[in-house]
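Below is the structure, and that's it, no one-letter string:
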Ligand code: F0G
């Protein structure tokens, strides 16, 4: 047959790069039912049963769908206590992607943080980062050290459209080292992408810049690598010189500037559980392994079953697949674009794993002490069965002395599980959010009626304020 005279077809639609072979039904409820369910849950979405949620965007952590290859690996796993072949597969994947010599598997990211910071941090130390995630900060503080955030100013402005809002302020880093002395800084961290700052990426130039400063002062440099693949995609699409590079090459270069990383495999490991600490120093690895045996398990499984290690070994590569990453990042910006077109204020530009709604601007009539982001998040559940999470004054407002201080921002985070929802789910989401926005004048504040002393957002009970 002759070559076709047809011109190649170019599409603007970025389709899901998979087909669905196993389905999990989601349950529809009426608004009347949801009113009752939310009231029973103390108006706290954390206390809802997952079966009563239609689209669950509470977190992208451990909630994604695994591939047939990952499931096949799980069946083939080696559950030996010592020297499991599944460990060596994971070790080989981690070494290939990160270049780090030692792998210390753990049951999830915070367990790697626990081992790492318990080993290296001391009373009075300072540990700089762009923005520490909550668990990272908590482990640093638990070790008696201070977690210091040095993100660039643009990273704190919801409307700034800087392409790498997760970057660290290099001048502030130098100043910090001069002020406190390199002896009091056991490690410099950087979180990619910067979850607590809106899932914003860090540029290769910035990673390299931090690395050079760390080397000059002889301070180890570690990456909080949970969303390393999403970060690699932003570098590919936004930073000069990387357009033609493969995501895996970009990831390899990112890690080449660091001495180690902590990782939650529940994100870009594409698994439901798992994590690791990976590093180059023989001495530090041996110290960390001693603690790993105490708190996690024997060094060739850490906190993971053999089948978990198989799932992660394959998942790390799947997260770097360009077709997957194109779809992944587009599904977030697709929702962001729809909301922006409808005039709804969100953190701009959209990050890698979530859309963050700016409830301070959406609900100016609700003061921070009456929790506007909490109110808008609950409205999304009532109207459409959607569960997001408040990142605002309920989460951060309670001070150690018991007083209440408004959080810097009032955000609703809608985090997307990986490979879970399709474009029509996202279209529906946009409709629900737009409907809640149009009815925003009807929304009122909340008060807390029962709450624990720490991490109150997980279990507090609230009530709508009658006005
Ligand atoms: N670092 C970052 C940047 C994270 O986002 C998380 C978890 C961790 C470390 C801890 O990992 O959960 O496996 O122990 N973030 C989840 C979230 C909980 O919803 O953003 P973990």
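Thanks, I have the structure now. Because the structure is a prediction, the values reported are computed rather than measured.

Every contact and neighbour count from this point should use C-alpha atoms.
Will do.

Quick check: chain neighbours aside, which residue is closest to the most centrally placed residue in the chain?
In the chain, the residue lying closest to the centroid (C-alpha atoms, centre = their mean) is residue 195, at 4.8 Å. Nearest residue to residue 195, sequence neighbours excluded (C-alpha to C-alpha, 6 or more residues apart in numbering): residue 133, at 6.8 Å.

Equivalent analysis for residue 114, please.
residue 139 is the one closest to residue 114 (C-alpha to C-alpha, 6+ apart), at 5.9 Å.

surely the one you found meets residue 116?
No - with contact defined as C-alpha atoms under 8 Å, residue 139 does not count as touching residue 116 (9.1 Å).

can you list the residues of the stretch 201-350 of the chain near the ligand?
In this structure, the stretch 201-350 of the chain approaches the ligand at residues 224, 226, 264, 266, judged by C-alpha under 6 Å from any ligand atom.

Mind doing that once more with 8 Å?
224-227, 262-267, 273-275 (C-alpha under 8 Å from any ligand atom).

Quick one, which of those residues are buried?
For those, a burial check counting by 16 or more other C-alpha atoms under 10 Å picks out 224-227, 262-267, 273-275.

In strands, which of those appear?
The strands, defined by DSSP state E, take in 224, 262, 263, 264, 275 from those.

Just list the residues touching the fourth one, thanks.
When the contact criterion is C-alpha atoms under 8 Å, 6 or more residues apart in numbering, the partners of residue 264 are 108, 109, 110, 225, 226, 274, 275, 276.

For it, give its distance to residue 136.
11 Å (C-alpha to C-alpha, to the nearest Å).

Determine the set of other helices and strands touching the longest helix along the chain.
As assigned by DSSP state H, the longest helix anywhere in the chain is helix 322-341. On a contact count with 3 or more C-alpha pairs under 8 Å, 6 or more residues apart in numbering; DSSP states H and E, helix 322-341 meets helix 228-238, strand 354-358, helix 423-438.

thinking again about what came up before, quick check, the residue nearest to the centre of the chain in contact with residue 134.
No - Residue 195 lies out of contact with residue 134 (C-alpha under 8 Å); the separation is 9.7 Å.

Show me this protein divided up by domain.
The chain breaks down by automatic domain parsing into domains covering 31-53+321-464, 68-318.

Please convert these to a markdown table, extending it with mean pLDDT.
Shown next, in a markdown table, are these (pLDDT from 0 to 100):
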| stretch | mean pLDDT |
| --- | --- |
| domain 31-53+321-464 | 95 |
| domain 68-318 | 97 |
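
In JSON lines: those, plus distance to residue 16.
Converted to JSON lines, the domains of the chain look like this (distance: least, C-alpha to C-alpha, whole Å):
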{"stretch": "domain 31-53+321-464", "distance to residue 16": "6"}
{"stretch": "domain 68-318", "distance to residue 16": "14"}
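
give me the residue from the stretch 201-350 of the chain nearest the ligand.
As assessed by C-alpha to the nearest ligand atom, the ligand sits closest to residue 264 within the stretch 201-350 of the chain, at 4.2 Å.

Grab the nearest non-local neighbour of that residue.
residue 109 (3.8 Å).

repeat for residue 42
Closest to residue 42 by C-alpha to C-alpha, 6+ apart is residue 461, at 4.3 Å.

before we move on, what about residue 433?
Going by C-alpha to C-alpha, 6+ apart, residue 433 has residue 380 as its nearest residue, at 6.5 Å.

Report how many residues lie close to residue 289.
22 (other C-alpha atoms under 10 Å).

I figured it hits residue 105, correct?
No - here residue 289 lies out of contact with residue 105, judged by C-alpha under 8 Å, at a distance of 9.6 Å.

Tell me the residues that contact both of those two, please.
residue 299.

how close does residue 178 sit to residue 206?
19 Å.

neighbour count winner among these two?
More crowded of residue 178 and residue 206, by other C-alpha under 10 Å: residue 206, with 17 against 11.

Can you list the buried residues in the helix or strand where that one lies?
Element membership for residue 206, per DSSP states H and E: helix 204-216. Neighbour counts over helix 204-216 (16+ other C-alpha under 10 Å) mark 204, 206, 207, 208, 209, 210, 211, 213, 214 as buried.

still on that earlier bit, report the contact partners of the residue nearest to residue 195.
Residue 133 touches 191, 195, 196, counting by C-alpha under 8 Å, 6+ apart.
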